[in-house]
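Chemist: what would the 3D arrangement of this be:
(2 chains)
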Amino acid sequence: MQTTKNTTKNTTMSKTSLLALLALCVGGPLLFAQDHYVMSLLVASMVIGGIALSWALLGNLGGMISFGHAAFFGVGAYTSAVLSMKFGVPVLAALLLGGVGALVAALAMLPVLRLRGPYFALAILAYAHIFRILATEWTSMTGGSGGLSSIPPLPTLPGLDLSSKIGAYFVILFIVLVFAVIYARLRESHYGLALRAMHESEDATRVVGVNSVVLKGMMLLLSAFMCGVVGAFNAHYISFLEPDYAFSALWVTIPIVAAIFGGYRSISGPVVGAVVVYLLDQLVFKNIIPSGHQLVLGVLLVAMIVFSPDGLLPLLRKLFKGKFTRSKHAAT
Amino acid sequence: MLQLDKVSVRFGGLTAVNEVSLEVGSGDVVGLVGANGAGKTTLFNAISGLVRPTGGAIRFNGADILHAPLHRRARLGIGRTFQIPQPMHELTVRQNLVVAQRFATGRVDERKIAEVLAFTGLAEKADRDAASELALTELKALEVAKALATQPKLLLLDEVLAGLETNGKRRFMQMLKGLHEAFAVGIVIIEHDIETISQLCHRVAVLNFGQLIAEGKPAQVFSDPAVIKSYTGA
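Modeler: Modelled structure (predicted):
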């Protein structure tokens, strides 16, 4: 009974904190709508948050650590850019097709699903390099190493210019929120339960009829789709692409740092982690140490792993709970 | 229902199971006995699909399942437990059963899950605890419950009584005695205790160094000098 009561209380608390977070995400940026620099940082942080979320989904549900999400980001970006530039596909449709492009790219990776741990991580990293080389060499379609410029921007809807900083922010926020809802629904479904159970013992789930290879494959495809849509958004947001940028290792290292910092086991953790890490880095550390400011991020990440391996949100929850309990004791 | 025809399993130079032939009908409760290392669990692994036999044939309800993957065998109706319980730790008892039933049968029947929970004595713990917090007796019961949730036609029980204290063992025995009737399931059970096997099983098969050396009614098999020798080494 106590457990049920606690669970209800926790659910109510997390619903309240989620609503507060949502209000902050929607309302907060409106205060900075005229500040292009801050808005561009917020958009960039949400892009990283989107990748971090897709990476965490693969790790948390699929049990796979990927160093190759730059491949999905890059393929999504190029697919969307090429479709809109060369085939006249409307930008919003091209965003979704960018995700489909990344999903198709992930199909080529399905054979490596049989690999585990570091072998899978390395194999998927190799794929990212293959796609970068393809983008460089397929000059007629991708513009080669010179890249693509003048990629069509996000469209203007009645009353809202999506290509403006604030418009773009709400587009990427919407994309991330939709993905977070899909992730949450999936995690609570029977598939989510089976995927979580597979982490402990894959054989224990297979003997009760779970086709673990298919489930892991589905997670890889979904994660690739999510990352591809984010890559596609970014291509139309910055209107320029070249292979070294689109397939840069930074598109996987920073999201991994963000996801682990925020707490990759939760759904909001990777996004909160991305916003906190990126804004801290750009607004604080960069001002203190203009060159080599990422060093501080590294130290922060190590500290987080040592003191709160579950990430920032559980740490904050613990701190607030401790403070709350202490003041309650003082009052009594 | 289950037909093993000269099934062999080799690991490099070691022959763990050597041309074992055995039939289990839908109404059977068969005890699989033998000394440690005789190949009992390896035979279970071969039937359930955890290891691939190097020779022989396995048929289940007429279908050749020698190359069928693990999850397909579960969906065909082969349920099993592990000697060391392998619960889905993060999940509650009920969630363990829901996953088992959903993926083995394609649907979730709450009424049947409630039946399994009541039968295995886990109803009170169903929603309260994550599987990682259960005591050994409960973990063993969860192993059986999980296998039953898949609605098996054949149940392979691997030393479900091992490690239990006297009271737990007694309660478990009561449960096992009713299992065959309550769920209309054929059972093969690995167990070291001869008395337990004699109480539970219609038939006994004895393995020794991977070979089937005797098969028949418990009283007849346990008085066979070859079986006594394989147990005592004398």
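
Chemist: for B:Thr92, see how far away the residue lying closest to B:His89 once chain neighbours are set aside is.
Modeler: Spatially, and ignoring its direct neighbours in sequence, B:His89 is nearest to B:Ser132 (4.1 Å; C-beta to C-beta, 6 or more residues apart in numbering or on different chains). C-beta coordinates here come from the backbone N, C-alpha and C atoms, glycine included. As defined by C-beta to C-beta, to the nearest Å, B:Ser132 lies at a distance of 10 Å from B:Thr92.

Chemist: what's the answer for B:Arg128, then?
Modeler: 7 Å.

Chemist: and A:Ser248, by the same measure?
Modeler: A:Ser248 sits 43 Å away from B:Thr92, taking C-beta to C-beta as the criterion.

Chemist: B:Arg128 and B:Thr92 - which one has more neighbours?
Modeler: The residue with more neighbours, out of B:Arg128 and B:Thr92, is B:Thr92; 19 against 14, by other C-beta atoms under 10 Å in any protein chain shown.

Chemist: the more buried one and B:Leu122 touch, don't they?
Modeler: No: look at B:Thr92 against B:Leu122 with C-beta atoms under 8 Å: they stay out of range, at 10.3 Å.

Chemist: quick one: least confident helix or strand in chain B?
Modeler: The helix or strand of chain B with the lowest confidence, counting by mean pLDDT, DSSP states H and E, is helix B:225-232 at a mean of 76.

Chemist: can you tell me which helices and strands that one packs against?
Modeler: Where contact means 3 or more C-beta pairs under 8 Å, 6 or more residues apart in numbering or on different chains; DSSP states H and E, helix B:225-232 is packed against strand B:203-208, strand B:211-216.

Chemist: who's in contact with it?
Modeler: B:34-35, B:38, B:206, B:208, B:213-214, B:221-222, B:234 (C-beta atoms under 8 Å, 6 or more residues apart in numbering or on different chains).

Chemist: okay, those in a markdown table with pLDDT next?
Modeler: Listed next are these as a markdown table, based on pLDDT from 0 to 100:
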| residue | pLDDT |
| --- | --- |
| B:Gly34 | 86 |
| B:Ala35 | 84 |
| B:Ala38 | 86 |
| B:Val206 | 90 |
| B:Asn208 | 87 |
| B:Ile213 | 88 |
| B:Ala214 | 84 |
| B:Val221 | 83 |
| B:Phe222 | 82 |
| B:Ala234 | 57 |
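
Chemist: filter those residues down to the buried ones.
Modeler: Among those, those scoring as buried are B:34, B:38, B:206, B:208, B:213-214, B:221-222 (criterion: 16 or more other C-beta atoms under 10 Å in any protein chain shown).

Chemist: what residues does chain B have near chain A?
Modeler: B:48-50, B:69-71, B:74-75, B:79-80, B:82, B:86-91, B:95-96, B:98-100, B:102-105, B:108, B:127-129, B:146-147, B:149-150 (C-beta under 8 Å from any C-beta of the partner chain).

Chemist: residues in contact with the residue lying closest to B:Gly25 once chain neighbours are set aside?
Modeler: Nearest in space to B:Gly25, with sequence neighbours left out and distances taken as C-beta to C-beta, 6+ apart, is B:Met1 at 5.7 Å. Remark: with contacts taken as C-beta under 8 Å, 6+ apart, B:Met1 is in contact with B:24-26, B:60-61, B:153-154, B:186.

Chemist: before we move on, what about A:Leu148?
Modeler: Contact partners of A:Leu148, counting by C-beta under 8 Å, 6+ apart, are A:78, A:81-82, A:85, A:142, A:240-242.

Chemist: neighbours around the residue lying closest to A:Ile288 once chain neighbours are set aside, how many?
Modeler: What sits nearest to A:Ile288 in space, not counting adjacent residues and going by C-beta to C-beta, 6+ apart, is A:Val296, at 7.8 Å. Using other C-beta under 10 Å, A:Val296 has 16 other residues around it.

Chemist: nearest spatial neighbour of A:Val171, skipping sequence neighbours?
Modeler: A:Leu162 (5.4 Å).

Chemist: next, give phi and psi for that neighbour.
Modeler: With angles defined as degrees, to the nearest 10, A:Leu162 sits at phi -70, psi -20.

Chemist: list buried residues within the residues of chain B next to chain A.
Modeler: B:48-50, B:70-71, B:74-75, B:79-80, B:82, B:86-89, B:91, B:95-96, B:98-100, B:102-105, B:108, B:129, B:146-147, B:149-150.

Chemist: from the residues you listed, which land in strands?
Modeler: The strands, defined by DSSP state E, take in B:79-80 from these.

Chemist: that older thread, tell me the most packed of the contacts of B:Met1, by neighbour count.
Modeler: With neighbours taken as other C-beta under 10 Å, the top of the contacts of B:Met1 is B:Leu154, carrying 25 neighbours.

Chemist: isn't that residue right up against B:Leu2?
Modeler: Yes: counting by C-beta under 8 Å, B:Leu154 touches B:Leu2, with 5.6 Å between them.

Chemist: overlap in contacts, these two.
Modeler: In contact with both B:Leu154 and B:Leu2: B:24, B:60, B:78, B:186, B:188, using C-beta under 8 Å, 6+ apart.

Chemist: between those residues, which is nearest chain A?
Modeler: Checking the shared contacts of B:Leu154 and B:Leu2 against chain A by C-beta to the nearest C-beta gives B:Ile78 as the nearest, at 8.5 Å.

Chemist: who does that closest one bridge with?
Modeler: In this entry, B:Ile78 is beta-bridged to B:Leu154, by DSSP bridges.

Chemist: surely it touches B:Gln151?
Modeler: No: using C-beta under 8 Å, B:Ile78 makes no contact with B:Gln151, being 11.3 Å away.

Chemist: higher neighbour count, these two?
Modeler: Ranked by neighbour count (other C-beta under 10 Å), B:Ile78 and B:Gln151 place B:Ile78 first, with 31 against 17.

Chemist: following the longest helix along chain B, which helix or strand comes up?
Modeler: Longest among the helix segments of chain B by residue count, using DSSP state H, is helix B:166-183. Proceeding N to C from helix B:166-183, the next assigned helix or strand is strand B:186-190, under DSSP states H and E.

Chemist: picking that back up, who touches the longest helix of chain B?
Modeler: B:29, B:119-121, B:136-137, B:140-141, B:144, B:148, B:155, B:157, B:160-161, B:164, B:185-187, B:189, B:196, B:199-200.
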